[in-house]
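>>> Quick one, fold the following:
(one chain, ligands or ions: 2)
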Amino acid sequence: MAYLFNHPEDFTDELTEGFVAAYPQWVRRVPGGVVRSSRPPHGHVAVVVGGGSGHYPAFAGLVGPGLAHGAAMGNIFASPSAQQIYSVAKAAHTGGGVLFSYGNYAGDVLNFTQAQERLEAEGIPARTVRVTDDISSAPLAETAKRRGIAGDLTVFKVAGACADSGADLDEVVRVAARANDRTRSFGVAFAGCTLPGSSEPLFTVPPGKMAVGLGIHGEPGISEQDLPTADEAAELFVSTLLADLPEDVAAGGDVRGGRVGLILNGLGAVKSEELFVVYRRIRQMLDDVGLTVVEPEVGELVTSFQMAGVSLTLFWLDEELERYWTAPASTPAYRKGAVDEAEQGDAAGEQAESAVEELPPATAASRQAAEGVQAILEAVKAVLDDNAAELGRLDSVAGDGDHGIGMQRGAAAASAAGRQALADGAGAGTLLRLAGDAWADKAGGTSGALWGMALNAVGARVGNDLPPDAAAVSAGIADAGRKIMEFGKASLGDKTLLDVLLPFSDALSEQVGSGKSLRTAWDRAAEVADRSAEATAQMLPKMGRARPLAEKSLGTPDPGAVSMALVARTIGRQLHEGEPGPQESERKGETHG
Ligand SMILES: Nc1ncnc2c1ncn2[C@@H]1O[C@H](COP(=O)(O)OP(=O)(O)O)[C@@H](O)[C@H]1O
Ligand SMILES: O=C(COP(=O)(O)O)[C@@H](O)CO
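Ligands and ions are numbered 1, 2, ... in the order given. Predicted structure coming up:
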């Protein structure tokens, strides 16, 4: 469990403050995360990494000469938002373009991709290499679907060393992609971690058993086996990784004469002494098959809070990769050799400036409607506060247990932004847009990005002139469904929030098209949403965190689908409240809801 915290919702912010105060010679804080406090030469590629917090030293502890140039820091186990990533990248960029590298999780992919698009739109070249070392998360034939675990370090290390050598962006991408192709990891866990403020671990392993194929977010493993001795664990690691060789490594599986970088990684609660006992046997086995181990790391490099787990990473070296793997690096949590002193300790202290946005003009009618929209946001926040624990429980069945916290944080930020927008005289469309941006920024993760997108889509249709009518609202919701599909690449039946949003949107459009009032149409559509959310229990997830644990999620509805239906129901109730709300566009003679 987590022993020391103040308010759980402040945990990430406070740990960042303390981290930066502890290591000013390496890092300085910028909005969204940290960048090197030294000033890398102008024109070098900036390697920007990131992900959720809870994985220290990944990601911020790996920022410094010879390694990353910046790290975007999300909340515990949730991707940083696109805004955070963009802001860190802007602060890290020195004119040579940006390489993003991160662990191939749904939220990371959505948010980093958006940040990359923003940089490119501004003319800053930006590319991505996702880390996919975890062999348990997808079969050999689908390596691009694999997620990143301790292999983050090998890819970041090689990319950072290559960038610091002055290589251009194409070259850094090529080398980092090659490092990723040649990095394979496999892990086991003995007990799940417990997030700050939570009383239950994200998963438990029965006594005498271990979970095989763990992730780094407290996802349960993909299967269970009897608890091994240290030697048996070492044998399992080595034999499993030798059966999953990168394509160009060993013809016919003969690895003799090969050279490997190695990480024996503790996930948070396994002691170094235990790791050394395991390493002893790993080393014997690798010697036996004729492999030379180059500068191994035994310790905590990519953790899962205080999860009791271990993973082994083998990094199949060639001459070039070995040069970058062994190159000097100096970061708060990872040091080797002597880096160029000129780059150290030059605390620059600049902050990315945050522009104050001027609000677009709005009519009095739209400003009045904005009050109704704000009342809805407050009601959504209240209902998500009440249901956060249950949503987290649903998410812990096959995900990382943070869906409730994420939705709660997003809705709180959206309603706070809405309140500010109202005070500043925003129209309904602008209020929705600002609320959406705040939701995405503060919640991070997959659902944060998608809810931010949805509120923006509705806001764009609603605009700031006319009071929002049923046609504009239903068209905005249909746009939201299309945008989320386009961006997240999921479709109907993949067991995501789309399995509620799409049928809800279709029902709403149909009702509105047949002349029903927004209230009536919404009531009918919300019933469809409820039924659709329940129906996700029988689906198998094909996207997101839950995918590798598909079978485990059978019988449990998708958390994002459940929260979507809950929000739909809450908005329906709010539309009946009689408070100033979105105006009706009712045709004569129709029943009012
Ligand atoms: N590609 C996708 N498209 C649409 N929805 C998705 C996608 N991937 C995941 N989701 C939704 O996101 C939810 C998880 O949200 P959350 O737990 O907040 O994010 P994270 O998995 O990043 O921690 C899932 O339950 C699912 O409904
Ligand atoms: O936690 C992470 C991202 O999780 P999402 O589920 O994608 O939000 C990150 O740390 C993994 O790299």
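
>>> I figured Asp530 hits Ala565, correct?
Yes: Asp530 is within contact range of Ala565, at 5.1 Å (criterion: CB atoms under 8 Å). For every residue, glycine as well, the C-beta is placed using N, CA and C.

>>> So which of those two has more stuff around it?
Ala565 (26 against 17; other CB atoms under 10 Å).

>>> secondary structure element for the more buried one?
helix 559-575 (DSSP states H and E).

>>> can you dump the C-alpha coordinates of that helix into PDB?
This file holds the C-alpha atoms of helix 559-575, laid out as PDB (Å, rounded to 0.1, in the frame of the first residue of the first chain):
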ATOM      1  CA  PRO A 559     -15.900   0.800 -17.600                       C
ATOM      2  CA  GLY A 560     -15.800   3.500 -20.300                       C
ATOM      3  CA  ALA A 561     -19.200   2.300 -21.700                       C
ATOM      4  CA  VAL A 562     -20.700   2.300 -18.200                       C
ATOM      5  CA  SER A 563     -19.500   5.800 -17.400                       C
ATOM      6  CA  MET A 564     -20.800   7.100 -20.800                       C
ATOM      7  CA  ALA A 565     -24.300   5.700 -20.000                       C
ATOM      8  CA  LEU A 566     -24.200   7.100 -16.500                       C
ATOM      9  CA  VAL A 567     -23.300  10.600 -17.900                       C
ATOM     10  CA  ALA A 568     -26.100  10.300 -20.500                       C
ATOM     11  CA  ARG A 569     -28.600   9.500 -17.800                       C
ATOM     12  CA  THR A 570     -27.400  12.300 -15.700                       C
ATOM     13  CA  ILE A 571     -27.700  14.800 -18.500                       C
ATOM     14  CA  GLY A 572     -31.200  13.500 -19.200                       C
ATOM     15  CA  ARG A 573     -32.200  14.200 -15.600                       C
ATOM     16  CA  GLN A 574     -30.700  17.600 -15.800                       C
ATOM     17  CA  LEU A 575     -32.600  18.500 -18.900                       C
END
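
>>> Now do it: distance to the chain's middle.
23 Å (CA atoms, centre = their mean, to the nearest Å).

>>> Count residues in the vicinity of Tyr3, would you?
6.

>>> Name the helix or strand for it, please.
Using DSSP H and E, Tyr3 falls outside every helix and strand.

>>> Please name the residues that touch the residue nearest to Val98 when sequence neighbours are not counted.
Excluding the flanking residues, the one nearest Val98 by CB to CB, 6 or more residues apart in numbering is Ala126, at 4.4 Å. Contact analysis of Ala126 by CB atoms under 8 Å, 6 or more residues apart in numbering lists 89, 97-100, 115-116, 119-120.

>>> confidence score at Leu455?
In this model, Leu455 is scored at 98, pLDDT.

>>> ok, how many other residues are close to it?
Count around Leu455 with other CB under 10 Å applied: 27.

>>> so what's it closest to, chain neighbours aside?
Gly436 is the one closest to Leu455 (CB to CB, 6+ apart), at 2.9 Å.

>>> isn't that neighbour right up against Leu450?
No: using CB under 8 Å as the test, Gly436 is too far from Leu450 to be in contact (10.3 Å).

>>> follow-up on the earlier one: what helix or strand is the residue nearest to Leu455 on?
Going by DSSP H and E, Gly436 is in helix 428-443.

>>> Does that helix reach ligand 2?
No: using CB under 6 Å from any ligand atom, helix 428-443 stays clear of ligand 2, coming no nearer than 9.4 Å.

>>> export the very next helix or strand once past that helix as PDB, just CAs?
Remark: after helix 428-443, the chain's next helix or strand is helix 445-462, criterion DSSP H and E. Coordinates of each C-alpha in helix 445-462 appear next as PDB, following Å, rounded to 0.1, in the frame of the first residue of the first chain:
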ATOM      1  CA  GLY A 445      -5.400   8.800 -20.200                       C
ATOM      2  CA  THR A 446      -7.600   7.300 -22.900                       C
ATOM      3  CA  SER A 447     -10.900   8.500 -21.600                       C
ATOM      4  CA  GLY A 448      -9.600  12.000 -20.900                       C
ATOM      5  CA  ALA A 449      -8.500  12.400 -24.500                       C
ATOM      6  CA  LEU A 450     -11.800  11.000 -25.900                       C
ATOM      7  CA  TRP A 451     -14.100  13.000 -23.600                       C
ATOM      8  CA  GLY A 452     -12.200  16.200 -24.400                       C
ATOM      9  CA  MET A 453     -12.700  15.400 -28.100                       C
ATOM     10  CA  ALA A 454     -16.400  14.800 -27.500                       C
ATOM     11  CA  LEU A 455     -17.100  18.000 -25.700                       C
ATOM     12  CA  ASN A 456     -15.200  19.900 -28.300                       C
ATOM     13  CA  ALA A 457     -17.200  18.300 -31.100                       C
ATOM     14  CA  VAL A 458     -20.500  19.200 -29.400                       C
ATOM     15  CA  GLY A 459     -19.200  22.700 -28.700                       C
ATOM     16  CA  ALA A 460     -18.300  23.300 -32.300                       C
ATOM     17  CA  ARG A 461     -21.900  22.400 -33.400                       C
ATOM     18  CA  VAL A 462     -23.500  24.400 -30.700                       C
END
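
>>> Can you name every helix or strand that helix 445-462 contacts?
Secondary-structure packing of helix 445-462 (3 or more CB pairs under 8 Å, 6 or more residues apart in numbering; DSSP states H and E): helix 106-121, helix 403-423, helix 428-443, helix 470-488, helix 559-575.

>>> Can you name every helix or strand that the helix or strand where Val512 lies contacts?
In the assignment (DSSP H and E), Val512 maps to helix 498-513. If contacts are counted by 3+ CB pairs under 8 Å, 6+ apart, helix 498-513 sits against helix 470-488, helix 518-535, helix 559-575.

>>> Could I get the ones you listed in TSV, plus columns for distance to ligand 1 and mean pLDDT?
Formatted as TSV, those follow (distance: least, CB to the nearest ligand atom, whole Å; pLDDT from 0 to 100):
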stretch	distance to ligand 1	mean pLDDT
helix 470-488	3	96
helix 518-535	10	97
helix 559-575	2	97
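
>>> Out of those, which gets nearest to Phe59?
helix 470-488 (22.6 Å; CB to CB).

>>> show me where pLDDT drops low in this structure?
218-220, 341-356, 543-550, 578-593 (pLDDT under 70).

>>> residues in it within reach of ligand 1, list them.
78-79, 106-107, 395, 399-400, 402-403, 406, 445-447, 450, 484, 488-490, 496-498, 543-545, 558-561.

>>> What residues are bridge-paired with the closest residue to Leu15 other than its chain neighbours?
Closest residue in space to Leu15, ignoring its immediate chain neighbours: Ser53 at 6.6 Å, by CB to CB, 6+ apart. Beta-bridge pairing of Ser53 under DSSP bridges involves Ile76.

>>> for Ser53, what are its contacts?
11-12, 15-16, 73-77.

>>> Gly399 against Asp558, yeah?
No: the pair Gly399 / Asp558 is not scored as a contact, 9.2 Å apart, by CB under 8 Å.

>>> Is stretch 495-512 in proximity to ligand 2?
No: with CB under 6 Å from any ligand atom as the criterion, ligand 2 is not reached by stretch 495-512; the gap is at least 12.6 Å.
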